[in-house]
Structure formats: C-alpha cells, structure tokens
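In: Have a look at this prediction, sequence included:
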Amino acid sequence: MILPILLLLAAAPSQECDDRAGDAAAAECWDAAYRKADAQLNRAWPGVLAAARAADKAFRPTPRRDRLTAGTDLLASQRAWLAFRNAECAAEAGTARGGSLENVIVGRCLTRMTRERILKLKDIQSGFKDH
C-alpha cells in the first residue's frame, strides 16, 4: 500500500511552478513540466499497447469473451482519455479564459492528468502481465 502512495506523491505536480514570479513564468514552468510528462507518456505507451496486443495473441475464447479486444479497447480508451483530458483542462481554466492565468491553469492540469495517466497505463500494463 505504501508504494502506490509514493507513486502518487512522485506524480504530484511540483510547487516550483508557482506564480510568485508572475503568470508568464509559471505558465512556462508548467508547459515544460507538461512536455516532460507527455514525453514520458509517449515512452510508456508502446509498452502498454504491446502488452495488450500480447494478451490478444494469447487469447482463448470463453463463453463470456469470444473475440480479441484488449488492443482495440486500449487504443479507444487512450483516444477517449486524450479528448477528456483536453476538455477537462479547458473547463478548469474556464474562469480565467483570455487572461494570463489561463495558461497556468491549463499547464498545471495537463501535467497533473498526464502524470496520472502514466500511472494508470503502468497499472493496466501490469494487469496484462498478471494474466
């Protein structure tokens, strides 16, 4: 139980992107943090998709499951998550729309949600390995 908590703490956005130096500096910091998280997500994705496809290759029909779905379900999930993440971050920044704080809120949201997705994808990947 301690490991998941440590992973969540490690995934939490750092406080270094506060706005004491102004919104522009904070927005730049969050943008850099998001780009780093996005690169990590892009590195993790092929392994997760490969695990899903390997699960499909090992597929054995059962009365409850008669066709391969792991790879296609994962891809659909990722596409839906990307759309959700972008909409969620736009909604979070809605009250700051057009202001300098909007980029700070969006960057912080994109970073947080991308880091959370990385952890979720790793969990999904380990689930494929467990079966």
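Out: Perfect, thanks for sending it. Numbering: from 1, shown residues only.
In: Tell me the buried residues in stretch 56-69?
Out: 56, 68 (16 or more other C-beta atoms under 10 Å). C-beta here means a position set from N, CA and C on the backbone, and glycine is covered the same way.
In: ok, residues contacting it?
Out: Defining contact as C-beta atoms under 8 Å, 6 or more residues apart in numbering, one finds that stretch 56-69 is touched by 70-71.
In: Got the phi and psi for the most centrally placed residue in the chain?
Out: Centroid check for the chain by C-alpha atoms, centre = their mean gives residue 117 as the closest residue, at 2.5 Å. The phi and psi values for residue 117, taken as degrees, to the nearest 10, are phi -70, psi -40.
In: Looks like it contacts residue 81 (just checking).
Out: Yes. Under the criterion of C-beta atoms under 8 Å, residue 117 lies in contact with residue 81, with a separation of 6.1 Å.
In: Would you mind measuring from residue 122 to residue 61?
Out: According to C-beta to C-beta, to the nearest Å, residue 122 and residue 61 sit 28 Å apart.
In: Let me see the contact set for residue 71.
Out: Applying C-beta under 8 Å, 6+ apart, we find residue 71 in contact with 49, 52-53, 55-56.
In: Apply 10 Å and report the result again.
Out: 49-57 (C-beta atoms under 10 Å, 6 or more residues apart in numbering).
In: and after the longest helix seen in the chain, which helix or strand comes next?
Out: Of all segments of type helix in the chain, defined using DSSP state H, the longest is helix 23-57. The helix or strand immediately downstream of helix 23-57 is helix 70-92, counting by DSSP states H and E.
In: Any buried residues in that following helix, and which?
Out: Neighbour count says helix 70-92 has 70-71, 74, 78, 81, 85, 89, 92 buried, by 16+ other C-beta under 10 Å.
In: now swap in stretch 35-46 and tell me
Out: Within stretch 35-46, the residues that count as buried by 16+ other C-beta under 10 Å are 37-38, 41, 44-45.
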